[in-house]
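A.B. asks: Quick one: sequence plus predicted model below, questions after.
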Amino acid sequence: PAQVPGAGVIAGGWDPELDEQRALARGGKELLAGIEAEERASTGIGSLKVRYNKVFGYFIEVSRANLDRVPEGYERRQTLANAERFVTPELKELEAKILAAEEGAAARDRRLFEQLVSELSTHAHRISVTAAAAARLDVHAAFADRARRWAYCRPVMTEEAGLAVTEGRHPVLEELQREPKFVPNDCRLDPVSSQIVLLTGPNMGGKSTYLRQCALIALMAHAGSFVPAAEAVIGLTDRIFTRVGASDMLARGESTFMVEMSETENILHHATPRSLVILDEVGRGTATFDGLSLAWAIVEHLHDRAERAALVLFATHYHELTELGRMLPRFVNRSMAVKEWRGSILFLHRVVDGPADHSYGIHVARLAGVPEEVCVRASEVLANIERHEITVIDDAATQPPAGSRLNQLDLFRPAADEIADRLRRLEIDSLTPIAALNLLAELKRKVHDGGS
């Protein structure tokens, strides 16, 4: 250790003196038991006991019935109702040893260690070289063993920037996840045609796993390891930047979103065309339109600034960002495939070309056990939001005229929708004139209340 402790550095059995002091420091039970046995044998008092208390220290206790057999060398220490306590010169000497044993053991331990260090210092270079060789051997053996057991491939390292992985896997999850078997995926990133890959898809679809496995494969290759893939061609990378997860730093007064933006700021200032950037749900910690706008601008910055044009994998639920595929030449949409079946969804964990249609968040909530009435209501609210969805405008010529207003998103059901539903269910043939007038008045009142 960097700081030599007071005891425990030298192993037991190496130095008899140190072993004795340690035994004494633990209370000298073996020595006391030996003295007790010797005194019983020499005096013939079978009930004689060697004991200890904080007031009198160590003493020999003899019952009153055996006082006539006490030797002359015993020194009376205390008289009790049924026994008397004595000490002997040997017991006094043992007590002094025990009291000094802990400090003595620490000093002896430290002195032996210093002697060892002094002797080994003359061999320091050879020991250092041997330790470094053993460390390299350990790492290489671990790399080789894992590559053999999990069928890793030897990556091809190139001077050109890029990442081309065929049937890549997550090195940890593929071992932990035995059933169902881990689904491998390809990854293609290059600075010419697919510099930025936007990955959309449902929760639990595997987006975060895919991002992490691509980063780990690049990292393992640069460390000199084979990688979990069928084939891999990896360009030299200067750094791997990640913005994943959610955490705060309350002691520094930084919220989750502030931490997220601080990490993003570091990426935008330091990424280079030789970097690999992993972004997972950037912008989700604030209001929807704020987060979407930030995510949009971040993608444009990493695409348009030549000095920051890193290879980027960006997982998001902002489906509006997929529109960037029509605007940025090196931007590619990919998604996690799912299959809808009997009102449910199956996660295929397969990366496919093109954007995802939905995030399936309500389906995942239902799988997690959220009450059905909550999921049903959420579906209603979602349908209402989608009917009033504001589309992303990418052409200045289609901007709304000055002074016009976009409709406010309404989380509650508009009166017009309720009126339309009432009219659809209405059976006109069975409606009396007075009932028709009452219904008309009710609907008119509802429209008036909704408009106000």
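C.D. replies: Ah, there it is.
A.B. asks: residue boundaries of the helices in the chain?
C.D. replies: 16-25, 29-43, 89-120, 124-149, 173-176, 207-222, 256-270, 288-304, 361-367, 372-387, 415-425, 433-451 (DSSP state H).
A.B. asks: now the residue of the chain positioned farthest from its centre: how far from His222?
C.D. replies: Distance from the centre of the chain peaks at Asp68, with 74.5 Å (Cα atoms, centre = their mean). Applying Cβ to Cβ, to the nearest Å, the value for Asp68 to His222 is 88 Å. Backbone N, C-alpha and C define where each C-beta goes, glycine included.
A.B. asks: who are the neighbours in contact with the residue farthest from the centre of the chain?
C.D. replies: Taking Cβ atoms under 8 Å, 6 or more residues apart in numbering as the definition of contact, Asp68 has no neighbours.
A.B. asks: The helix or strand of the chain with the lowest mean pLDDT vs helix 433-451, what angle?
C.D. replies: Least confident helix or strand of the chain, by mean pLDDT, DSSP states H and E, is helix 415-425 with a mean of 73. Counting by axes from the mean of the first three to the mean of the last three Cα atoms, to 10 degrees, helix 415-425 points 160 degrees away from the direction of helix 433-451.
A.B. asks: Which strands or helices does helix 415-425 pack on?
C.D. replies: helix 433-451 (3 or more Cβ pairs under 8 Å, 6 or more residues apart in numbering; DSSP states H and E).
A.B. asks: Can you list the buried residues in the helix it packs on?
C.D. replies: The neighbour-count check on helix 433-451 (16 or more other Cβ atoms under 10 Å) flags nothing as buried.
A.B. asks: tell me the most buried of the helices of the chain?
C.D. replies: Most buried of the helices of the chain, by mean neighbour count (mean count of other Cβ atoms under 10 Å): helix 207-222, with a mean of 22.
A.B. asks: now what about that one, what contacts it?
C.D. replies: 155, 157, 163, 165, 168-171, 173, 185, 187, 199-201, 226-229, 232, 234, 236-237, 240, 242, 244, 276, 278, 280, 313, 315, 336, 349, 351.
A.B. asks: Lowest average confidence across the helices of the chain, which one?
C.D. replies: For the helices of the chain, mean pLDDT drops lowest on helix 415-425, to a mean of 73.
A.B. asks: Which residues outside stretch 369-379 are in contact with it?
C.D. replies: Counting by Cβ under 8 Å, 6+ apart, residues outside stretch 369-379 touching it are 362, 365-366.
A.B. asks: Considering those residues, which is situated nearest to Asn266?
C.D. replies: Ala365 (33.5 Å; Cβ to Cβ).
A.B. asks: Was I right to think Leu31 contacts Leu94?
C.D. replies: Yes. Applying Cβ atoms under 8 Å as the test, Leu31 and Leu94 come out as touching, 6.2 Å apart.
A.B. asks: so what's the residue nearest in space to the middle of the chain up against?
C.D. replies: By Cα atoms, centre = their mean, the chain has its centre lying nearest to Gly245, at 8.7 Å. Gly245 sits next to Asp280 when contact means Cβ under 8 Å, 6+ apart.
A.B. asks: tell me the phi and psi of it?
C.D. replies: phi 70, psi -180 (degrees, to the nearest 10).
A.B. asks: Tell me the spacing between it and Phe59.
C.D. replies: To Phe59, Gly245 is 65 Å away according to Cβ to Cβ.
A.B. asks: Kindly report the same for Arg334.
C.D. replies: 84 Å.
A.B. asks: cool, Ala107 as well?
C.D. replies: Plainly put, Ala107 is 29 Å away from Phe59 if you go by Cβ to Cβ.
A.B. asks: next one: Lys97
C.D. replies: From Lys97 across to Phe59, the span is 16 Å (Cβ to Cβ).
A.B. asks: cool, Ser247 as well?
C.D. replies: Counting by Cβ to Cβ, the separation of Ser247 from Phe59 is 62 Å.
A.B. asks: ok, now Leu382?
C.D. replies: For Leu382, the distance to Phe59 equals 84 Å [Cβ to Cβ].
A.B. asks: How about Arg188?
C.D. replies: As for Arg188, its distance to Phe59 is 85 Å (criterion: Cβ to Cβ).
A.B. asks: Have a look at these two and say which one is more surrounded.
C.D. replies: Phe59 (22 against 15; other Cβ atoms under 10 Å).
A.B. asks: Leu91 is in contact with that one, correct?
C.D. replies: Yes. The criterion here is Cβ under 8 Å, and Phe59 meets it with Leu91 at 7.2 Å.
A.B. asks: Quickly list what's touching both of these two.
C.D. replies: Val50.
A.B. asks: pretty sure Ile362 is touching Val381, no?
C.D. replies: No. Look at Ile362 against Val381 with Cβ under 8 Å: they stay out of range, at 9.7 Å.
A.B. asks: Around Gly44, how many other residues sit close by?
C.D. replies: Counted with other Cβ under 10 Å, residues neighbouring Gly44 total 10.
A.B. asks: Which residue, other than its chain neighbours, is closest to it?
C.D. replies: Among residues not flanking Gly44 along the chain, Arg69 sits closest, at 6.1 Å (Cβ to Cβ, 6 or more residues apart in numbering).
A.B. asks: quick one: the one you found and Ile45 touch, right?
C.D. replies: Yes. At 5.5 Å, Arg69 counts as touching Ile45 under the criterion of Cβ under 8 Å.
A.B. asks: These two: who's more crowded?
C.D. replies: Taking other Cβ under 10 Å, Arg69 and Ile45 do not tie; Ile45 has more neighbours (19 against 11).
A.B. asks: Please report how far the more buried one lies from Glu36.
C.D. replies: From Ile45 to Glu36 the distance is 11 Å (Cβ to Cβ).
A.B. asks: Equivalent analysis for Thr316, please.
C.D. replies: For Thr316, the distance to Glu36 - Cβ to Cβ - is 78 Å.
A.B. asks: cool, Ile345 as well?
C.D. replies: Ile345 is 78 Å from Glu36, by Cβ to Cβ.
A.B. asks: returning to that earlier point: now, of the contacts of helix 207-222, which are buried?
C.D. replies: Using 16+ other Cβ under 10 Å, the buried ones in the contacts of helix 207-222 are 155, 163, 165, 168-171, 185, 187, 199-201, 226-229, 232, 234, 237, 240, 242, 244, 276, 278, 280, 313, 315, 336, 349, 351.
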